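Asks: structural data only, the sequence is not supplied:
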């Protein structure tokens, strides 16, 4: 369920992601290479007009793969961690319900955030590189696709390039995961009487 919703949502949102990445990277480019987008709508219109509508989905494959893996890891690891932590009565009380189960959910979702980031970060790096890659002198993008970007990046910078930006990505993902999955779990239990994860 998490992988399907994550994949569909990320595919639909890819154009806005492309605009975000392009606009963020624009100021880092040499002045002669800057695109000087004025706003998101201007960015999306210019990409469609100058590069073709299909380029609004540039990097969609790693974006969808990243979201699919991220959502799956978040939900799967949270569920498994909850099962394990609920048995740790010394720390979390009977069935993990000490203080309403919030400490257990905090630990479970923090673990899932870390695991999801480990799995998804390589795709995030590829996605960003593909989305902000300039056109070469021949009018073609720097990378022909995800595999090309993956192999060129590792060949030039080593395998650890895949986890570049891990810490800020984790700091961004952890609060989101903790809050959203705890809310889903608690609201589902309040409405249906069953746990969501």
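Replies: The structure has been received and is ready for your questions. None of the values given here were measured: they were computed from a predicted structure.

Asks: tell me the mean pLDDT for whichever helix in the chain runs longest?
Replies: Looking across the chain with DSSP state H, the single longest helix is helix 102-132. Mean pLDDT, helix 102-132: 93.

Asks: so whatever helix or strand comes next after it versus helix 102-132, what angle?
Replies: As assigned by DSSP states H and E, the chain's next helix or strand after helix 102-132 is helix 146-157. Comparing the axes of helix 146-157 and helix 102-132 via axes from the mean of the first three to the mean of the last three CA atoms, to 10 degrees yields an angle of 90 degrees.

Asks: name the helices or strands packed onto whichever helix or strand comes after helix 146-157?
Replies: Counting by DSSP H and E, the next helix or strand C-terminal to helix 146-157 is helix 166-192. Packing partners of helix 166-192 (3 or more CB pairs under 8 Å, 6 or more residues apart in numbering; DSSP states H and E): helix 60-86, helix 102-132. Where you see a C-beta, it was placed from the backbone N, CA and C, and this is true even at glycine.

Asks: out of these, flag the one nearest residue 53.
Replies: Closest to residue 53 of the helices and strands packed on helix 166-192 is helix 60-86 (CB to CB; 12.5 Å).

Asks: relative to helix 102-132, how tilted is the closest one?
Replies: Using the same axes, to 10 degrees: helix 60-86 against helix 102-132 is 170 degrees.

Asks: helix 60-86 - what's its average pLDDT?
Replies: For helix 60-86, the per-residue pLDDT averages 91.

Asks: next SSE downstream of that helix?
Replies: Trace forward from helix 60-86 with DSSP H and E and the next one is helix 89-92.

Asks: hang on, the earlier thing: so which of the helices and strands packed on helix 166-192 comes closest to residue 192?
Replies: Of all the helices and strands packed on helix 166-192, helix 60-86 comes closest under CB to CB, at 16.0 Å.

Asks: hmm, back to that, so which bits of the longest helix of the chain are buried?
Replies: Residues 103-105, 107-117, 119-132 are the ones in helix 102-132 that count as buried (16 or more other CB atoms under 10 Å).

Asks: check stretch 84-102 too.
Replies: For stretch 84-102, by 16+ other CB under 10 Å, it's 85, 86, 92, 93, 96, 101.

Asks: please identify which pair of those lies farthest apart.
Replies: 85 and 93, at 10.6 Å, using CB to CB across those.

Asks: re earlier: got the angle between the longest helix of the chain and helix 166-192?
Replies: 130 degrees.

Asks: on contacts alone, who are the packing partners of helix 102-132?
Replies: helix 2-26, helix 60-86, helix 89-92, helix 146-157, helix 166-192.

Asks: okay, the angle between that helix and helix 2-26?
Replies: 50 degrees.

Asks: ok, back up a step: can you put the helices and strands packed on helix 102-132 in a markdown table and add distance to residue 47?
Replies: Formatted as a markdown table, those follow (distance: least, CB to CB, whole Å):
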| stretch | distance to residue 47 |
| --- | --- |
| helix 2-26 | 7 |
| helix 60-86 | 13 |
| helix 89-92 | 49 |
| helix 146-157 | 19 |
| helix 166-192 | 25 |
